[in-house]
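> Any chance you can model this:
(one chain, ligands or ions: 1)
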Amino acid sequence: MRLDRFLAETTELTRSLAKKALHRGEVSIDGEIVKNPALQVDEASRVTWNDEPLALVGLRYLMLHKPSGVECTARRTLYPRAIDLIELPKGERLQTVGRLDVDTTGLVLLTDDGQWSHRVTSPKHRFGKVYRVTLAEPLEGEALEWAAAAFAEGVRLDGEEKPTRPAELSMREPTVAELTLFEGKYHQVKRMFAAIGHHVVALHRASIGPLALGDLPAGEWRELTADEIAAF
Ligand code: URA
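Model prediction:
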């Protein structure tokens with residue numbers, strides 16, 4: 001990799017600012033000041049900028065317990081973004097794997113590996129996403145049987161051509177449902193319950209495929225283990 005690109009990848013410098021830093025003699029390779037932006041850097045090169053060693057950031061795989069009031073978006077809005085909670089170099093390169101609404105809490109995966117993200121979200125791979133759904137009114141008896149059958153069959157949401165893919169519904173309490181989805185449409189859980197006449201007052205994602213949030217506190221994140229990454 002060219003030295004100016006290496007500097008842009010490993011620091012906050014753009015490529016043109018990296019060239020200026022090189023010109024000022026701030027960059028060394030293996031202890032020698034270097035000024036040529038086209039020099040090739042390989043894995044063995046020890047590159048420093050103002051005596052700080054630099055290293056390329058590899059692909060990252062994280063889980064976050066998203067609190068309410070945080071948005072899963074790359075652009076800046078009124079709300080803090082999920083990536084703002086992750087204090088890592090080049091954090092803006094991370095993307096959330098799918099999205100949760102600003103008021104939804106729970107498990108969000110983040111990565112800079114687009115192919116892995118696609119594998120996790122693609123309905124083809126059938127990684128179920130489990131949601132705990134708090135309803136305004138109880139859902140029980142025949143209404144529950146009918147709702148579970150409708151969700152298993154697929155419901156037609158406003159503005160959608162195809163019905164939802166089969167989903168699994170069970171109740172934890174009369175107003176607390178557990179819903180497993182194998183796809184991710186916009187506001188899907190809230191729209192599915194609206195389609196059967198129920199209003200969602202709180203929504204929490206507990207797991208995605210083999211990965212559960214466990215006891216990770218709200219607002220905290222951790223790196224996935226090699227086994228967890230490979231599980232998708
Ligand atoms: N479905 C929703 O309605 N909201 C979410 O945040 C996730 C799934």
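> Please make it C-alpha for all contacts and neighbour counts, starting now.
Noted.
> what's the nearest residue to Pro210 if we skip its chain neighbours?
When the adjacent residues along the chain are set aside, Pro210 lies closest to Ala231, with 7.1 Å between them (CA to CA, 6 or more residues apart in numbering).
> I'd like to check which residues are in contact with the residue nearest the centre of the chain.
Most central residue of the chain, judged by C-alpha distance to the mean C-alpha position with CA atoms, centre = their mean, is Thr96 at 2.3 Å. By CA atoms under 8 Å, 6 or more residues apart in numbering, the contact set of Thr96 is Cys72, Thr73, Ala82, Ile83, Val108, Leu109, Leu110, Thr111.
> Quickly find the element holding the second one.
Which is Thr73. Counting by DSSP states H and E, no helix or strand carries Thr73.
> What are the contacting residues of the helix of greatest length in the chain?
Taking DSSP state H as the criterion, the chain has its longest helix at helix 141-153. Here helix 141-153 makes contact (CA under 8 Å, 6+ apart) with Thr164, Arg165, Pro166, Ala167, Glu168, Leu169, Ser170, Met192, Ile196.
> gap between the third one and the ligand?
Note on Pro166: its distance to the ligand, by CA to the nearest ligand atom, to the nearest Å, is 15 Å.
> Next: the fifth one.
Applying CA to the nearest ligand atom, the value for Glu168 to the ligand is 14 Å.
> How about that residue, nearest residue that isn't a chain neighbour?
Spatially, and ignoring its direct neighbours in sequence, Glu168 is nearest to Thr180 (5.1 Å; CA to CA, 6+ apart).
> The residue nearest to Gly209 when sequence neighbours are not counted: how many residues sit nearby?
Residue nearest to Gly209 in three dimensions, not counting chain neighbours: Phe127, with 4.3 Å by CA to CA, 6+ apart. Phe127 has 21 neighbours, counted by other CA atoms under 10 Å.
> same deal with Asn50?
Close neighbours of Asn50, defined as other CA under 10 Å, add up to 10.
> excluding its backbone neighbours, what's nearest it?
Glu26 (5.2 Å).
> tell me the pLDDT at the one you found?
Glu26 carries a pLDDT value of 97.
> Surely it touches Ile33?
Yes: Glu26 lies in contact with Ile33 (CA atoms under 8 Å); the separation is 7.2 Å.
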